[in-house]
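S.K.: Structure for the following, please:
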Amino acid sequence: MRVGVEVGGTFTDLVAVEGGKVVVTKVPSTPRSPDIGAFAALTASGIDLAKIEDLGHGSTVATNAVLERKGAAVAFVASAGFRDLLFMQRHDRRNIYDLFYAKPVPPVRRKDCFEASERIAADGSIEKALDEAAARNELIPAIKAGGYRAVAICLLNAYANPVHEKRLAALLDEALPDLLVTASHQVAREFREFERASTTLLSAYVQPVIDGYLHRFEDKLAAAGFKGRFTVMQSNGGRLPAGAMRESAITALYSGPAAGVVGATRQAARSGFNDLITFDMGGTSTDVCLVQDGRPSLASESEIDGLPIRTPVLDIVSVGAGGGSIAWVDDGGMLRVGPQSAGADPGPACYGKGGTEPATTDAHIVIGTIRPGAFLGGRMSLDGEAATRAFEPLAQRFGLSIEQAAASALQLADANIVRAIQLVSTERGRDPRDYALVPFGGAGPLHAARIAEELGISTIVVPPNAGVISAYGLVASDYTKFDAVTRKMKLDNAAATDAARIFSEMRARLAAQFADMKLPGDLVYTHTLDMRFVGQAFEVGVEVPADRLASLDAAYLAELFADAHHRTFMHGATLDRPVELVTLRVGATLPIGTPPRLDRETLTARGPEKTKIFHGEAWIDCARHTAEALAAGQRIDGPAVIEGYTATSWVPPGWTATLDPADNLILRRSS
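M.R.: Residues are numbered from 1 along each chain as shown. Predicted coordinates:
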């Protein structure tokens with residue numbers, strides 16, 4: 001039995017797959033103690049925990065710790081003269097016309113930043129040895145007096161030679177064994193000092209939080225009889241055992257959204273769709289990602305709360321548009337939707353938990369696309385009158401009917417999502433019309449057709465049980481780990497030979513790490529070079545085929561770089577300028593084999609009913625179906641609403657929906 005439990009902002013989802021049987025469960029999240037909600041999902045599913053062989057988990061614990069500034073008390077140690085590195089940051093301004101602009105605030109105070117007397121040169125040579133006496137007599141006592149739970153070490157040029165970081169970490173472990181120590185060479189062995197320091201600090205900041213969370217969850221699992229493997233999703237789309245995550249907590253920042261992309265990609269592939277734009281609309285936000293040839297786009301850097309993170313993440317763009325997103329009026333009198341969210345507590349007004357502000361879910365009830373008595377297959381009753389009352393103030397403010405106000409709020413939410421999709425497609429040289437849209441999350445399939453029309457997309461693939469695809473991704477994902485190291489070299493045949501050698505060393509290091517994690521099997525590797533013209537400030541990632549590593553030469557790498565550079569910038573394909581290699585990256589993946597199949601859960605099926613939906617500016621006749629009643633190959637012409645246990649799909653006029661043999665609902669534009 002494989003089980004995935006994903007903690008979202010509003011609901012905690014569970015998918016269990018055993019043989020051909022699928023169990024799906026949704027319970028309200030518990031934001032203050034996510035582990036309680038996660039264990040509640042296991043309890044509500046009725047699963048015998050002793051039978052679970054593989055339990056995958058994804059949560060927003062690390063993300064919330066940073067956003068809410070609820071991480072551990074952390075100290076930061078830099079090389080002498082670099083104490084203010086985290087505060088000086090870069091020379092850029094994100095809002096150039098904001099007279100009151102302030103740089104992002106790191107989760108550490110200046111008085112918590114310390115210096116170590118040492119110096120490593122950019123080529124890795126030692127200019128000044130680490131002053132161990134000063135570390136023992138001054139630095140360590142100061143850190144001990146501060147009462148910190150974690151310390152982040154980021155010494156200058158440690159990416160080229162980490163000898164001083166390793167020694168300082170050993171001294172801290174020896175003197176303060178209860179302190180969690182994170183060194184930059186462990187989490188981001190790359191150049192660019194501020195980005196490396198920010199990544200190291202954030203990793204140390206969330207490490208005690210993740211460590212405590214996983215320990216609590218593991219203790220509850222053990223007490224309930226669980227004896228299987230407990231794994232945690234990473235931001236890069238792969239899982240690792242929980243023990244390994246304690247050493248690389250920063251990789252868990254976007255585990256939930258990453259799991260959704262993996263689950264959607266796996267399920268869409270069953271129907272032959274490999275070029276996708278995934279669109280995850282949950283209770284709080286919407287996350288979109290572009291997938292090419294069945295492989296989600298991967299970025300080497302991201303940010304959270306304005307602070308950079310140098311660790312591989314799926315290239316996901318998020319906007320504050322979810323089922324709980326609140327409609328409000330700004331200071332200029334304009335209607336807005338999100339990013340404020342009603343969340344799980346109190347939730348949208350229709351939840352009946354005290355919420356009074358109009359949310360996206362309330363809007364769907366008002367226009368008829370969500371039937372209050374059918375939410376979660378009828379297991380959760382919604383208050384339709386409360387949803388209507390919530391929109392009355394907005395309707396009066398703008399002189400609209402209740403239905404028009406709700407429809408306007410949904411149009412604004414759609415516009416926010418369209419913009420996010422353009423960021424991962426059009427603005428990166430990809431035409432969204434060449435991709436199928438894969439909506440999931442509880443609200444995704446309700447918005448998909450309108451968004452597809454705006455983008456010119458003609459095909460939509462709605463997975464079965466679309467509301468729990470992120471949880472499914474946890475049982476369908478492989479084990480993955482990445483390594484990166486900066487080695488700046490001017491491109492020539494000698495550099496190409498060195499690159500092949502370094503790649504080999506990195507593969508060996510990753511293989512040893514998989515062995516330490518007790519994950520046996522044949523690893524699949526990817527090799528990427530960050531390259532640039534000499535004098536450029538930033539690099540272009542160039543993937544190197546594994547079968548060419550043994551015969552790597554400068555001419556071949558130059559050709560790969562020219563193609564990648566032109567594809568990105570539409571110029572610079574001529575190699576009349578010198579090129580340099582900057583950073584080498586290797587990804588190691590242990591495939592799980594054929595992922596388990598996600599089918600529809602069997603619920604009570606009803607025949608089609610007649611209803612009315614507010615569409616455009618009027619109420620129109622519409623058919624309402626249940627997903628469980630559909631037969632493979634059956635065609636449904638819009639307008640139609642298709643209700644499932646975890647999500648409802650809207651098929652507007654001009655669209656058709658067909659259930660295929662993989663249980664994916666395929667929507668196509670018919671006019």
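S.K.: how does the protein divide up, domain by domain?
M.R.: If you go by automatic domain parsing, the domain ranges for the chain are 69-206, 325-411, 479-590.
S.K.: Out of the ones you listed, the one nearest residue 608 is which?
M.R.: Between residue 608 and the domains of the chain, the tightest spacing by Cβ to Cβ is seen for domain 325-411, at 13.4 Å. Backbone N, C-alpha and C define where each C-beta goes, glycine included.
S.K.: How far does the closest one stretch from one end to the other?
M.R.: Distance between the two ends of domain 325-411: 13 Å, counting by Cα to Cα, to the nearest Å.
S.K.: can you check stretch 649-660 too?
M.R.: Distance across stretch 649-660, first residue to last, is 15 Å (Cα to Cα).
S.K.: May I see the buried residues of that stretch?
M.R.: Neighbour counts over stretch 649-660 (16 or more other Cβ atoms under 10 Å) mark 649-653, 655-657, 659 as buried.
S.K.: Mind picking the two most distant members of the residues you listed?
M.R.: Checking these against each other with Cβ to Cβ, the farthest-apart pair comes out as 653 and 659, at 19.8 Å.
S.K.: pLDDT value on residue 29, please?
M.R.: With respect to pLDDT, residue 29 has a value of 81.
S.K.: thinking again about what came up before, distance to residue 221 for the domains of the chain - can I get that in JSON lines?
M.R.: Below are those laid out as JSON lines (distance: least, Cβ to Cβ, whole Å):
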{"stretch": "domain 69-206", "distance to residue 221": "21"}
{"stretch": "domain 325-411", "distance to residue 221": "23"}
{"stretch": "domain 479-590", "distance to residue 221": "18"}
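S.K.: quick one, which of the ones you listed is nearest to residue 1?
M.R.: Of all the domains of the chain, domain 479-590 sits nearest to residue 1, with 18.1 Å by Cβ to Cβ.
S.K.: Next, the buried residues of the worst-scoring helix or strand of the chain on mean pLDDT.
M.R.: Least confident helix or strand of the chain, by mean pLDDT, DSSP states H and E, is helix 61-67 with a mean of 81. Buried residues in helix 61-67, defined by neighbour count with 16+ other Cβ under 10 Å: 61-66.
S.K.: for that helix, the distance to its chain's centre please.
M.R.: Remark: helix 61-67 is offset 13 Å from the chain centroid, using Cα atoms, centre = their mean, to the nearest Å.
S.K.: just to revisit the earlier point, any chance of the buried residues of stretch 649-660 in TSV, plus pLDDT, secondary structure and distance to residue 518?
M.R.: TSV is the format used below for the buried residues of stretch 649-660 (pLDDT from 0 to 100; DSSP: H, G, I helix; E, B strand; the rest coil; distance: Cβ to Cβ, whole Å):
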residue	pLDDT	secondary structure	distance to residue 518
649	94	strand	42
650	95	strand	46
651	95	strand	48
652	95	coil	51
653	95	coil	55
655	96	strand	49
656	95	strand	49
657	95	strand	45
659	93	strand	41
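S.K.: Tell me the one of these nearest residue 274?
M.R.: Comparing the buried residues of stretch 649-660 against residue 274 with Cβ to Cβ places residue 659 closest, at 20.2 Å.
S.K.: Report pLDDT for the residue lying closest to that closest one once chain neighbours are set aside.
M.R.: In space, and not counting its chain neighbours, residue 659 is closest to residue 630: 4.5 Å by Cβ to Cβ, 6 or more residues apart in numbering. For residue 630, the pLDDT comes out at 86.
S.K.: the helices in the stretch 301-450 of the chain, which residues?
M.R.: Counting by DSSP state H, counting those that start in this stretch, the stretch 301-450 of the chain has helices at residues 360-367, 384-398, 402-424, 444-455.
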